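K.L.:
Need a 3D model of the sequence below.
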Amino acid sequence: MKVISTGNKPIKMWLNDIEDGALEQAKNLANLPFVYKHIAIMPDSHQGYGMPIGGVMATKGVIVPNAVGVDIGCGMCAVKTSLTDIDVATLKKIMGEIRKVVPVGFNHHNEPQSDDLMPRITSFLALVPIVAQEYEKALYSLGTLGGGNHFIEIQKGDDGHIWIMIHSGSRSLGYKIAEHYNKVAVELNGKYHSIVPKEYQLAFLPIDSDEGQAYIREMNYCVDYALANRKLMMNRVKDVLMNNYSTSRNGLFMDNKIINIAHNYARLESHFGKNVWVHRKGATSARKGEIGIIPGSQGTSSYIVEGKGNKESFMSCSHGAGRKMGRKQAQRELDLEDEKAMLDKQGIVHNIRNVKDLDEAPSAYKDIDEVMDNQKDLVDISVKLTPLGVIKG
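P.N.:
Okay, here's the model as predicted:
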């Protein structure tokens, strides 16, 4: 929709209304010496830490921890059921039972989960030191939702079916790894007098360094752990539904396929004839034919999509609607009763109870329909999903 060519590399944007802070961060990215081709900014973009959320950056020879973020491997998964309807009383019962088996917010399990559910560590523990250090704690966090914009939703698709959707990440494991390797990168960049300004908050690690290889190993473990986390929650939500409907598991969940897509990671990919490290921070892969998930807010539609493989976006799309208000701003400025009434009118069993919950109110987010319209050249919509019941962290 818009191209800015004032930096060392162009910025290609799929939106017109980018906030000043996010635009400044995009311009910083465009001036990095190791950026390949251009910076791609998705239609849900807003200011992040170092790199805007909804940003896609390809690099040559380096990896940037803050261009992945602290919730490494955070993403979405969705499952289609054979149900075509669910009454409000049953829905409320199901939501209550989910809360009993899936800890939310800062809560964890009281007992460690089975080690068999964890991703395998395929290298020596000394090669993944933060994973080794945090492993036992991670067993208690496996199958937990977390806070912020993480959610479990029961939805009705325009395909006539009830769907389950979950948004969560790598919990404190990802945070610890991101924090550690960003500090390592800052120290190394200072030691070798990097030309990347410290205020950019974009310290990097050379791919061929021991530190860069260590980060890649631990980042990849986090991506796998985040998926294992979502899978365990999904299985427990499935069990709750099974307990409320007298049908076989295969009958209720049909082909039993889980759609999964991550949106905070870096991956070696081939673009424009070169192998480069594509950093997606709040953006998802949208290769041609790839099935993805783009959620709205708890009061708006979400979408199952199919990627178009647009080369200019590095085959990427948005990871959601994107915030238009900061969390504190939403709590200050939005009206609690108005937000509750908006959701109640739609018949959504929602999560807004008091002022502190307004940071996740629908009005704190961009218009998902506009976001989807802005990326028509990135994805096709397969299924439109309307929220019925929402659990937020």
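
K.L.:
What segments of the stretch 201-350 of the chain are strands?
P.N.:
205-206, 259-262, 264-271, 274-281, 283-285, 291-294, 302-307, 316-318 (DSSP state E, counting those that start in this stretch).

K.L.:
For the fourth one, name the packing helices and strands.
P.N.:
Helices and strands touching strand 274-281, by 3 or more Cβ pairs under 8 Å, 6 or more residues apart in numbering; DSSP states H and E, are strand 53-59, strand 62-63, strand 264-271. In short, each C-beta sits where N, CA and C put it, glycine included.

K.L.:
Please repeat the previous calculation with a cut-off of 6 Å.
P.N.:
Applying 3 or more Cβ pairs under 6 Å, 6 or more residues apart in numbering; DSSP states H and E, we find strand 274-281 packed against strand 53-59, strand 264-271.

K.L.:
Just grab the bridge partners of residue 389 for me.
P.N.:
Note on residue 389: beta-bridge partners by DSSP bridges are residue 154, residue 349.

K.L.:
Let me see the ranges of the helices in the protein.
P.N.:
For the chain, the helices defined by DSSP state H occupy 20-30, 88-101, 129-141, 171-191, 210-244, 249-253, 327-333, 336-345, 368-374.

K.L.:
Mean pLDDT lowest where, among these?
P.N.:
Among the helices of the chain, helix 249-253 carries the lowest mean pLDDT, at a mean of 73.

K.L.:
excluding its backbone neighbours, what's nearest residue 338?
P.N.:
Spatially, and ignoring its direct neighbours in sequence, residue 338 is nearest to residue 363 (8.0 Å; Cβ to Cβ, 6 or more residues apart in numbering).

K.L.:
re earlier: okay, the helices and strands packed on strand 274-281, which one's buried deepest?
P.N.:
strand 53-59 (a mean of 27; mean count of other Cβ atoms under 10 Å).

K.L.:
Can you tell me what sits against that one?
P.N.:
29, 34, 36, 39-42, 44-46, 67, 276-283, 314, 316, 322 (Cβ atoms under 6 Å, 6 or more residues apart in numbering).

K.L.:
likewise stretch 122-130?
P.N.:
With Cβ under 6 Å, 6+ apart, stretch 122-130 has contacts from 132, 176, 177, 180, 217, 218.

K.L.:
next one: it to chain centre, how far?
P.N.:
How far stretch 122-130 lies from its chain's middle: 25 Å, per Cα atoms, centre = their mean, to the nearest Å.

K.L.:
tell me which residues in it are buried?
P.N.:
Neighbour counts over stretch 122-130 (16 or more other Cβ atoms under 10 Å) mark 128, 130 as buried.
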